[in-house]
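Engineer: No letters, just coordinates:
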């Protein structure tokens with residue numbers, strides 16, 4: 001479980017940290033950087049929001065996992081910056097599964113095309129750990145379930161065809177405060193929970 005701490009103050013994060021949580025997710029690079037230096041060093045920081053290529057260099061030195069890798073261009077930039085730091089950065093490839101235009105991600109077809117490309121084999125400083133997806137923002141839970149089911153099927157296909165059951169390709173990140181139960185039922189093994197942990201956000 002990733003505690004989504006975006007918009008919450010450091011004092012709230014410290015309280016959750018003291019309760020035993022070590023994995024925290026932020027949407028914005030600047031907010032993450034501001035909080036990181038004021039909180040314990042053993043926190044595992046996750047970047048879960050849309051990441052611009054010009055911000056990659058700021059988080060590569062310390063980030064635990066980048067969830068929102070949504071284009072080949074971003075993959076290449078993360079690999080380039082990680083090479084500069086002498087690091088291997090763990091990432092999830094974000095897949096567009098929602099029936100909304102506001103979400104980011106590879107389409108299933110784009111994902112397969114990227115994995116088929118020779119370019120993928122040259123990524124020495126990036127480790128693809130799995131897939132991430134965000135369902136439509138809707139009260140129709142049947143729609144949400146269908147989208148999660150689609151992502152799980154794609155994850156299983158990709159795992160077998162491109163990663164050959166590799167032990168470190170093992171993360172399917174889907175599900176948030178409003179739909180995590182359905183996500184778990186459909187095969188998620190990493191959920192991103194904010195308001196159920198911290199309370200209602202004052203800032204959206």
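Structural biologist: Received the coordinates, thanks. Remember, it's a predicted structure, so these values are computed and weren't measured experimentally.
Engineer: going forward, measure contacts between C-alpha atoms and count neighbours the same way
Structural biologist: OK.
Engineer: quick one, helices of this protein?
Structural biologist: 10-18, 29-36, 56-59, 72-85, 108-116, 141-162, 180-185, 195-198 (DSSP state H).
Engineer: Buried residues in the first one, which are they?
Structural biologist: Under the neighbour-count criterion of 16 or more other CA atoms under 10 Å, helix 10-18 has 13, 16-17 buried.
Engineer: For burial, what's the neighbour tally of the residue lying closest to residue 52 once chain neighbours are set aside?
Structural biologist: In this structure, residue 52 finds its nearest non-sequential neighbour in residue 74, 7.6 Å apart by CA to CA, 6 or more residues apart in numbering. Applying other CA atoms under 10 Å, we find 17 residues neighbouring residue 74.
Engineer: Check residue 74 and give its pLDDT.
Structural biologist: Looking at residue 74, its pLDDT reads 95.
Engineer: For residue 158, see how far away it is.
Structural biologist: In this view, residue 74 and residue 158 are 20 Å apart by CA to CA, to the nearest Å.
Engineer: give me every residue that touches the spatially most central residue of the chain.
Structural biologist: For the chain, residue 67 is the residue whose C-alpha lies nearest the centre (CA atoms, centre = their mean; 1.8 Å). When contacts are counted by CA atoms under 8 Å, 6 or more residues apart in numbering, residue 67 is found next to 46-49, 91-94, 131-132, 173.
Engineer: least confident pick among these?
Structural biologist: The pLDDT minimum for those sits at residue 49, where the score is 92.
Engineer: buried ones in stretch 120-127?
Structural biologist: The neighbour-count check on stretch 120-127 (16+ other CA under 10 Å) flags 123, 125-127 as buried.
Engineer: Can I get those in a markdown table including pLDDT and distance to residue 188?
Structural biologist: Formatted as a markdown table, the buried residues of stretch 120-127 follow (pLDDT from 0 to 100; distance: CA to CA, whole Å):
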| residue | pLDDT | distance to residue 188 |
| --- | --- | --- |
| 123 | 92 | 26 |
| 125 | 96 | 26 |
| 126 | 95 | 22 |
| 127 | 95 | 20 |
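Engineer: low-confidence ranges in the chain?
Structural biologist: 100-103, 165, 201-204 (pLDDT under 70).
Engineer: Now render the contacts of residue 67 as a markdown table, adding distance to residue 58 and neighbour count.
Structural biologist: What follows is these, written out as a markdown table (distance: CA to CA, whole Å; neighbours: other CA atoms under 10 Å):
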| residue | distance to residue 58 | neighbour count |
| --- | --- | --- |
| 46 | 13 | 24 |
| 47 | 12 | 23 |
| 48 | 15 | 24 |
| 49 | 15 | 17 |
| 91 | 15 | 25 |
| 92 | 18 | 24 |
| 93 | 20 | 24 |
| 94 | 20 | 28 |
| 131 | 23 | 26 |
| 132 | 22 | 29 |
| 173 | 23 | 28 |
